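S.K.: Pasting the sequence and the predicted coordinates here, then a few questions.
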Amino acid sequence: WTFEVEAHHNAANENFVFEYSVDGAAWQPLLIVVKEADDNTSQSSIIPGSLSGTVYVRAVDTNRNRGDAETSTVYIDHMWFFPS
């Protein structure tokens, strides 16, 4: 399977990692969104192995600095899975 997302974020020096899980407990990385502007292009990642049933996807802010008051937002235009 291939995961594809058209996304960007608003904060300089930060990124968002998209991860997937088939059980909601064990998460695997998919890709890192590094774009800071909407340029209408997507990023993609191949998922090894086979998938079936429910697949969970989450976006995780990579900035874990205590006291950072900057608001971070990820903007997602489209997100999908398709057979490779």
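M.R.: That came in fine, so what should we check first?
S.K.: can you map out the strands along this structure?
M.R.: Secondary structure of the chain by DSSP state E: the strands cover 2-9, 16-21, 28-33, 43-46, 56-61, 74-82.
S.K.: Quick one: those strands as TSV, columns for mean pLDDT and mean neighbour count too.
M.R.: Bear in mind the C-beta positions are built from the backbone N, C-alpha and C, glycine included. Putting these into TSV (pLDDT from 0 to 100; neighbours: other C-beta atoms under 10 Å) gives the following:
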stretch	mean pLDDT	mean neighbour count
strand 2-9	94	19
strand 16-21	94	18
strand 28-33	93	16
strand 43-46	94	14
strand 56-61	92	14
strand 74-82	93	13
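S.K.: wait, isn't Pro83 in contact with Phe3?
M.R.: No. In this structure, Pro83 is not within contact of Phe3 by C-beta atoms under 8 Å, at 11.5 Å.
S.K.: And the most centrally placed residue in the chain, how close does it get to Arg66?
M.R.: In the chain, the centroid-proximal residue (C-alpha atoms, centre = their mean) is Phe18; its distance is 2.3 Å. In this view, Phe18 and Arg66 are 24 Å apart by C-beta to C-beta, to the nearest Å.
S.K.: swap in Trp1?
M.R.: 37 Å.
S.K.: Of these two, which one has the most company?
M.R.: Between Trp1 and Arg66, counted using other C-beta atoms under 10 Å, the more crowded position is Trp1 (15 against 4).
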